[in-house]
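Q: here are the coordinates; sequence isn't available:
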């Protein structure tokens, strides 16, 4: 079997049973792996009338055909489940070394059902599968968990995905961590593991295991060509030199970096949190993930006593902006410390930063007080940020409500709080300002996975005039199609970019490579064919397969109670323009964009349902029933 190990591990924690499961090639060819195959399994297996913490919910850890195949940036794995934040489909992915090790352990994925009575971890060790007691690990953070399992087993070669205290305490934006700082962060899937009393999954490959690919020599040639392009490309050179925090300096110029809970500008204060500042103050060296030539990860250390942090994973752009500018904090030492706490506790840095910014504004407006919190929470307070993160994780005091997600917390505070709530489908908006990029705005509104920048990451590069010609933003729409602030040509572009990224999360490749302008979906179409041996129809079917997967994700949401009313943008985004100094961007008129988007997607405007014609076109009519 080419590109796959040929089996999945089915685990039932109710009775601690494990069995191998095969999935037919026809299904794999339709949904690929990663997000696509995970969504298929969740659609088939998860009942519609349950919440995320029900024992009948499942959580799937899925690799794809690229994982460990020798393709570039082939480190990713995807986690898929019913999200506790909103009851809709949740997905998150991570790099590092866990995903390849899982696949080389003999399995393309793990499907976990039921709940354990007491804390456990799953061990896959050279082909042997065991469910092990985790009582002595429960209560420890994700870093300590990795150390304790390796020490217990006497094996430093184990790769481990685990939860920290946030997942144990069912914080609804808890993440799943691996490799001491790699995060499958969004949608609260760490809390699903916590609800199942599953502390960790530890894997080690079978000796000598390799992935069989259809055309190994041609794959090597194409990978070599792509890696050469990567090393000579301006964008990836910048990623290697500066990491993702390079986007602080670039984004601040054009209004892409959110400030003060998406309400302000901060031009004179970005200097303290830029990539250059990181390099001068806390950077030790670059680190990389399995099979990647970019090495964009920052390995940092903080010696400042107040924010002391041992050497470890530094903050990515999303963390710098969420914990920094969005809270008006320009202290890189404090941001690195807060990011480290989120990694250890297993907490999504985007949602944690957004929750803090929301709470700071609520504090400013008198909706919560020092008496409620036990400390001041003014804008720019690094101490307040760190204290609030700890309180959210421990479910302490009023922060317990924040652990339910900002949408639920705002409803508790009342209508005034809902006016400055910045979320879509219950998921806090990431650190790319939608008013500065209409494609990203429309993606936030419509993506079945909620407000995720990774489902339209390629659009970020439109803002710098650097993206390739694959997505419909060409001159045939007019020159305005290249302007991120104007609506011309943006609907078709949004659809194509989303389809592309849903496919990339299914073959499982890093977004930092998938948005490189010099590369196109034709490269990835060729990689898919060389790995799997499936016909070269991928030149025409790559985006179509992504479209199928996105529509299956929407079908899951519709089945579980979503309606067209869940395709929206926050009031703050729709009713307040960007600060004038960042350009006089017109307010987004969402309804006409949505109407055109629904038409292009083949979704019924009145009901929000996928039309029967579209289901048939995508070969989903035998799976999805309206």
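A: Good, I have the coordinates. All values reported here derive from a predicted model rather than from experimental measurement.

Q: phi, psi of the residue nearest the centre of the chain?
A: The centre of the chain sits closest to residue 92, judged by C-alpha atoms, centre = their mean, with a distance of 4.2 Å. Phi and psi for residue 92, reported as degrees, to the nearest 10, are phi -150, psi 150.

Q: show me the contacts for it.
A: The contact partners of residue 92, taken as C-beta atoms under 8 Å, 6 or more residues apart in numbering, are 78, 79, 175, 176, 183, 184, 185, 186, 187, 189. Where you see a C-beta, it was placed from the backbone N, CA and C, and this is true even at glycine.

Q: Could you list which of those residues belong to helices?
A: Per DSSP state H, helices hold the following members of the contacts of residue 92: residue 189.

Q: could the contacts of residue 92 go into a markdown table alongside neighbour count, distance to residue 390 and pLDDT?
A: Formatted as a markdown table, the contacts of residue 92 follow (neighbours: other C-beta atoms under 10 Å; distance: C-beta to C-beta, whole Å; pLDDT from 0 to 100):
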| residue | neighbour count | distance to residue 390 | pLDDT |
| --- | --- | --- | --- |
| 78 | 27 | 30 | 99 |
| 79 | 29 | 25 | 99 |
| 175 | 34 | 16 | 99 |
| 176 | 32 | 20 | 99 |
| 183 | 28 | 18 | 98 |
| 184 | 28 | 22 | 98 |
| 185 | 29 | 18 | 97 |
| 186 | 29 | 21 | 98 |
| 187 | 34 | 22 | 98 |
| 189 | 31 | 22 | 99 |
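
Q: which one among the contacts of residue 92 gets closest to residue 522?
A: Comparing these against residue 522 with C-beta to C-beta places residue 78 closest, at 23.3 Å.

Q: So the closest one sits against residue 95, correct?
A: No: counting by C-beta atoms under 8 Å, residue 78 does not reach residue 95; the two are 11.2 Å apart.

Q: re earlier: now the contacts of residue 92 in TSV, with distance to residue 259?
A: Putting the contacts of residue 92 into TSV (distance: C-beta to C-beta, whole Å) gives the following:
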residue	distance to residue 259
78	31
79	31
175	24
176	29
183	24
184	27
185	22
186	22
187	25
189	29
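
Q: What is the nearest of the contacts of residue 92 to residue 572?
A: Residue 572 has its nearest neighbour among the contacts of residue 92 in residue 186, at 20.4 Å by C-beta to C-beta.

Q: so how far is residue 251 from the closest one?
A: The gap separating residue 186 from residue 251 is 20 Å, by C-beta to C-beta, to the nearest Å.

Q: Equivalent analysis for residue 625, please.
A: Residue 625 is 43 Å from residue 251, where distance means C-beta to C-beta.

Q: When the two are compared, which one has more neighbours?
A: residue 251 (23 against 10; other C-beta atoms under 10 Å).

Q: any idea which element the more buried one lies in?
A: If you go by DSSP states H and E, residue 251 is part of helix 246-254.

Q: immediately after that helix, which helix or strand?
A: Of the helices and strands lying after helix 246-254 in sequence (DSSP H and E), the nearest is helix 275-281.

Q: Relative to whichever helix or strand comes after that following helix, what are the paired strands and their orientations?
A: Next helix or strand after helix 275-281 toward the C-terminus (DSSP H and E): strand 283-287. Strand pairing for strand 283-287, using DSSP bridges, gives strand 297-302 (antiparallel).

Q: And whichever helix or strand comes after the partner strand, what does it pack against?
A: Per DSSP H and E, the first helix or strand lying C-terminal to strand 297-302 is strand 309-313. Secondary-structure packing of strand 309-313 (3 or more C-beta pairs under 8 Å, 6 or more residues apart in numbering; DSSP states H and E): strand 297-302, helix 332-345.
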